[in-house]
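> here you go, sequence then predicted model.
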Amino acid sequence: MLDHILSILIFFPALAAMFGFIIHKDSIRAYGVVVATIEFALSLWLWFAFDSNVSGMQFMEQLPLVPAFGINYILGVDGVSLFIIILAAFFTMIGIASLTDTKDVKNMIITLLFLQMTMAGVFVALDAIVFYIFWELSLVPMLYIIGAWGGPLRIYASVKFFLYTFAGSLVMLVGMLFMAYFYYQATGAWSFAILDWYRLILPESFQLWLFVAFFIGFAIKVPMFPFHTWLPYAHGQAPTIGSVILAAILLKMGTYAFIRFSLPMFPDASVFFMFPIAILAIIMIIYTAMVAYAQEDVKQVVAYSSVSHMGVIILGTFALNVEGISGSIFLMIAHGVVSGALFLLVGVIYDRRHTKMMNEFGGLASVMPRYATIFGLMMMASVGMPLTINFVGEFLSLLGFYQQSHILTLLAGTAIIVGAIYMLAAYKKMFFGVVTKEENKNLSDVNSRELIALVPLAIITVWLGIYPKPILEPINKSVESIVQLMHDKSTTQEAKSRIPNLIKGVEITRTSSEEAH
Amino acid sequence: MLAPVNVSLESLNLMTLSPMLIPIIGALLILVIDVIKSGLDKTLYVVLSLLFLFMDFSSLIESAGIFTQDGTIMGVFDVMLIDGLAILSQFIIVGASMLFIPLALTHKRFHEFSYPEFFALFLFMIAGFQFMVATDNLILVFVGLETSSLALYTLIAMHNRDKSFEAAVKYFTMGALAAGFYSFGAMVFYALTGSVELNQIATVLAANQYVDIGYVLVGVVFMLASFGFKLSIVPFHTWAPDVYEGASASMAGFMSIVPKIAAFVVAMRIFEFLIHSGVVWLEVILYIFVVITMTAANIWALVQTDVKRMLAYSSISHAGFVMAAILIGTTQANSALFLYWILFSFTNLGSFSMLWISRQKHLPDHQRSDHSYDKFAGMIKTAPIAGTIMALFMLSLAGIPPFALFWGKLYLISSAVTGGYTVLAIIMALNSAIAGYYYLKLIVYIFMKEPVVGNDGHIYASNATMSLKYIIGFAAIGTIFAFLAINPLLEFITSFVYNSGY
């Protein structure tokens, strides 16, 4: 069974969703929770069976799909993807468990289970076309979730979300076809396997074009400035569960794909575009942080702060060294936990007041003390307070980029201060002072169903903030091999010097030759 | 001068005619039955047609077997040309017709199906298309083209509504013009080379190194215009949306697939050697046509308020997309054309059948046309299964993986990449993104809008019978599980196309 655990992880939720149509709508929530828990347990089992000392792919599966055209169903997991898979299963589980009363709850849960299938698929696929299939398929359930359960502008928001991402990924598809064609030219056989593509060393000019094609697909998904305009709409209109999954998992597909595709396949282009992308990332960090400060809707504050932190992840990724990339992967997990929790928390207050405007609240700390505590913790984590999960990721990402550029890192660091300002301001508006509005006086504190979702997230936030080693170590191992691959593959002098060589022996000769020079 | 002609019967290879003769015999038989005893039920004729199409199909399988062994066969004074293209396209023609003809078994009674002539004409039309693709003789192409077109005009008119007459006359007028263009183009080529056979024309033109390039271009222009009409290439497309709207939904679905593949194969035979012999002008013109057809049809489709008209424009856009394969002209591109069209026929026939089973005889007040978008509002609530299947076909048409049409798009765009048409590949990808919007619009109506008051979901299947549901189920399963069939299909198609020298 362990041999096919990845396939099981992908198709178990889909199969369960198909059977879900039979289940009566009163019992569907229990069914959803059971299925998602089994899925989560399977993902934990994967972690348990995962060998942290191996840097390469594990649990590989391979089946021919269209062998005549080099398309195979190849799956595998390494330290980069392992924890995102667990995170996805975890969020589906607590998302379903904490689902408040929704209309058509049966459709919602079945949709979530299908979404879980596509999320698992994206992160374990090792064939570009299989990756693309799940990548595109993930749009459909999300379209439905936003479009059917969203706010007043839900149709506009969902269609914008779909078309934006769809257009970007079609450009990426052309890039993939080019990559396969270059592989065909080099070897005489078609292949869409990512591991095969890793072995291909392309001239820099080709790398640049392909990098751009992939970049458009990924950057829209992340979403990077200036492609981020769909996200505030999607978050603004989506129901709580939609925002949670979107922020926690779906956005990570973009950043994950950068590490899986762009960096190892185009090391020279990555170095070439490092500073332009870093500048975009810093604009993204600072600009969206400022925009977040100007928002009056607490969900938009969280949405923009989520975009802002995605900028730090991009920055860490394009540090192109072990610290930066490991940090960015860790930050993906951290960002998933924290922003997912924040969206859940916004959902809690929205369910009670049916408004998200911050000036409608005030003094909530005295009415809802437990809510205020958890919100406070998550907010602190979001601004990157030491001993919380975000701090580890942000610190490592910035540390990584500090080796490439001091000034840009300094600029990015200021964003953490801006982040503290808007988050604390929002917190002050909502929780401190006296209760001014009559409606707020009798709000009930978080109930047990909400606690089921929030308490584990709070525990993870603190636990991984204090002791990140169990996660960081497997990540580090896989990242080292990626960085080494990039160093070996890079052709330009610039790239060789920017991407560190991890094999020590060679390091010495290089430094000595530089000294001689 | 005239010497007596001695031809042995074996050298005629009369077997090459058998796939075309079977539907002709079937059509005659239907007419004879009607003469002997009239007033028989349509089910008889449907099943008879189906039987003859099955026989046709199995004789095609036999020709395919012969082709894999012996390669291309010529027959009947070298007029018939049974190569891989001919066999593949006949498979599509007959296969799609087999899916189409049971659509006559509707719940409601429609005028056209009460006439046995409908089915006789239908089979004559199939034979016409088969002749068209199985020859490289320009005259036989013309005969096949006209046989099938005249039959098709009548079939459209038999739907017996004002709009159908309008559609039939419009189609007939345009078709007559196209036929004129075609014969003029063929005449120019005959005048230049003294032959009506395409391989002879190609040889003669190559031998004198295209000295008469001016006349060649004149001939090409006429041919392009003629096939532009048949394939509804912009700017020759203007008849298409009106004709699709006027024809019954099932007929419109049929028209979007079968006549076009026949025209594609002839276009491939004519334009391929011209492009490869370096008629740059033709390449440029085709490039422009392809891009404009894809893009303009997509943009028109965005603003339609009727689903059937939207699908009509989308078919135009798909035709432009596939026309790119003829422009690229590599073996991979030509294989992609067939792969795309097989997958497209599944999906498109499915989506038009969905419209067909929801056909109302009388429109309620709030509905302006037969298949307006708001008719499908909230379909997921009132008819969940039909709504899901409809959405599935739309997702497939939009090219969302892993549904059928995605694989066609993938392979076609890849052939553009491989053929060196980078810009074209990107244009094709972006057009797929534009097309996403109008398919999505229907999905939005189905899943996210509230149903119109008084709509209890009954109308979506008001015209359905068991056999129609089977057809749709078949198309839906084909659309979902296409990924399992891609590899054998691809290998089969590629070997056939490659061995025909394209």
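Yep, it's here.

> what is the distance between the worst-scoring helix or strand of chain B on mean pLDDT and the centre of its chain?
The helix or strand of chain B with the lowest confidence, counting by mean pLDDT, DSSP states H and E, is helix B:9-12 at a mean of 72. Distance of helix B:9-12 from the chain centroid (Cα atoms, centre = their mean, to the nearest Å) equals 33 Å.

> mind listing what's buried in that helix?
For helix B:9-12, a neighbour-count test (16 or more other Cβ atoms under 10 Å in any protein chain shown) marks B:Leu12 as buried. (C-beta placed from N, C-alpha, C; glycine too.)

> just checking, next helix/strand downstream of that helix?
Sequence order places helix B:18-36 as the next helix or strand after helix B:9-12, per DSSP states H and E.

> and for residue 285, the neighbour number?
Defaulting to chain A. 27 (other Cβ atoms under 10 Å in any protein chain shown).

> hmm, no, I was thinking of chain B.
Neighbours around B:Ile285, by other Cβ under 10 Å: 16.

> what's the closest non-adjacent residue to it?
Leaving aside its sequence neighbours, B:Ile285 sits nearest to B:Leu224 (Cβ to Cβ, 6 or more residues apart in numbering or on different chains; 6.9 Å).

> and that neighbour, what element?
Assigned by DSSP H and E, B:Leu224 belongs to helix B:213-231.

> what do you get for B:Thr293?
Taking DSSP H and E as the definition, one finds B:Thr293 inside helix B:280-302.

> residues in contact with residue 92?
Assuming you mean chain A. A:13, A:36, A:39-40, A:112-113, A:115-116, A:119, A:245 (Cβ atoms under 8 Å, 6 or more residues apart in numbering or on different chains).

> actually, chain B is the one I wanted.
So B:Ile92 contacts B:257-258, B:261, B:338, B:341-342, B:345 (Cβ under 8 Å, 6+ apart).

> now for these, which pair is the farthest apart?
B:Val258 and B:Phe338 (13.8 Å; Cβ to Cβ).

> burial of A:Pro456, as a residue count?
16.

> gap between it and A:Ile503?
To A:Ile503, A:Pro456 is 41 Å away according to Cβ to Cβ, to the nearest Å.

> residue ranges with poor pLDDT in the chain?
Unless you meant another one, I'm taking chain A. By pLDDT under 70, the low-scoring segments of chain A are A:504-517.

> that's the wrong chain, I meant chain B
Using pLDDT under 70, chain B drops low at B:1-2, B:454.

> residues from it in reach of chain A?
B:395, B:398, B:400-402, B:406-407, B:410-411, B:413-414, B:417-418, B:422, B:425-426, B:429-430, B:432-433, B:436-437, B:440, B:443-444, B:447-448, B:483, B:486-487, B:490-491, B:494 (Cβ under 8 Å from any Cβ of the partner chain).

> give me the subset of those residues lying in helices.
B:395, B:398, B:406-407, B:410-411, B:413-414, B:417-418, B:422, B:425-426, B:429-430, B:432-433, B:436-437, B:440, B:443-444, B:447-448, B:483, B:486-487, B:490-491, B:494 (DSSP state H).

> from the chain's centre, how far out is stretch A:110-117? Work that out for me.
17 Å.

> in the stretch 351-500 of chain A, what residue is nearest chain B?
At 20.6 Å from chain B, A:His354 is the closest residue in the stretch 351-500 of chain A, using Cβ to the nearest Cβ.

> tell me the helix or strand right after the helix holding B:Thr293.
helix B:307-328.

> please list all residues in contact with A:Pro203.
Per Cβ under 8 Å, 6+ apart, neighbours of A:Pro203: A:Thr491.

> any idea which of the contacts of A:Thr92 has the most stuff around it?
A:Gln116 (32 neighbours).

> and it, how far from B:Leu302?
33 Å.

> what's the closest non-adjacent residue to the residue most central in space within chain A?
In chain A, the C-alpha nearest the mean C-alpha coordinate belongs to A:Lys252, at 1.9 Å (Cα atoms, centre = their mean). What sits nearest to A:Lys252 in space, not counting adjacent residues and going by Cβ to Cβ, 6+ apart, is A:Met332, at 4.9 Å.

> and the one you found, what does it touch?
Contacts of A:Met332 by Cβ under 8 Å, 6+ apart are A:84, A:252, A:255-256, A:313, A:393.

> check these and tell me the two furthest apart.
A:Tyr256 and A:Gly393 (14.1 Å).

> give me the more crowded residue out of the two.
When A:Tyr256 and A:Gly393 are compared for neighbours, A:Gly393 comes out ahead with 29 against 24, by other Cβ under 10 Å.

> now that one. Nearest residue, chain neighbours left out?
Using Cβ to Cβ, 6+ apart, the closest residue to A:Gly393 is A:Leu331 (2.8 Å).

> helix, strand or coil for the one you found?
helix (DSSP: H, G, I helix; E, B strand; the rest coil).

> repeat that for A:Lys25.
Per three-state DSSP, A:Lys25 ends up coil.

> thought it was touching A:Lys106?
Yes - assessed by Cβ atoms under 8 Å, A:Lys25 is found in contact with A:Lys106 at 4.4 Å.

> looking at these two, which is more packed in?
A:Lys106 (19 against 11).

> in terms of secondary structure, what does the strand or helix carrying that one contact?
According to DSSP H and E, A:Lys106 maps onto helix A:105-124. Packing partners of helix A:105-124 (3 or more Cβ pairs under 8 Å, 6 or more residues apart in numbering or on different chains; DSSP states H and E): helix A:5-20, helix A:28-49, strand A:71-77, helix A:79-97, helix A:128-137, helix A:139-149, helix A:240-245, helix A:251-257.

> quick one, what contacts residue 121?
Chain wasn't specified; assuming chain A. A:Gly121 neighbours (Cβ under 8 Å, 6+ apart): A:10, A:130-131, A:133-134, A:137.

> sorry, should have said chain B
By Cβ under 8 Å, 6+ apart, B:Leu121 lies in contact with B:27, B:151, B:154-155.

> what's the angle between the helix or strand hosting it and helix B:18-36?
Assigned by DSSP H and E, B:Leu121 falls within helix B:116-133. Computed by axes from the mean of the first three to the mean of the last three Cα atoms, to 10 degrees, the angle separating helix B:116-133 from helix B:18-36 equals 160 degrees.

> contacts for the longest strand belonging to chain A?
Counting residues, the longest strand found in chain A (DSSP state E) is strand A:58-66. Strand A:58-66 has contacts (Cβ under 8 Å, 6+ apart) with A:2-7, A:46, A:49-51, A:71-78, A:126-127, A:129-130, B:407, B:483, B:486-487, B:490.

> from these, which would you call buried?
Buried, going by 16+ other Cβ under 10 Å: A:5-7, A:46, A:50, A:71-78, A:126-127, A:129-130, B:407, B:483, B:486-487, B:490, out of the contacts of strand A:58-66.

> list the buried residues for the helix holding B:Leu121?
B:116-133.

> excluding its backbone neighbours, what's nearest A:Ser262?
Closest to A:Ser262 by Cβ to Cβ, 6+ apart is A:Phe214, at 5.5 Å.

> residues touching the one you found, list them.
So A:Phe214 contacts A:172, A:175-176, A:257, A:261-262, A:266 (Cβ under 8 Å, 6+ apart).

> and for residue 163, the neighbour number?
All of this refers to chain A. Going by other Cβ under 10 Å, the residues that sit close to A:Leu163 add up to 18.

> my bad, chain B
Neighbour tally, B:Lys163, other Cβ under 10 Å: 15.
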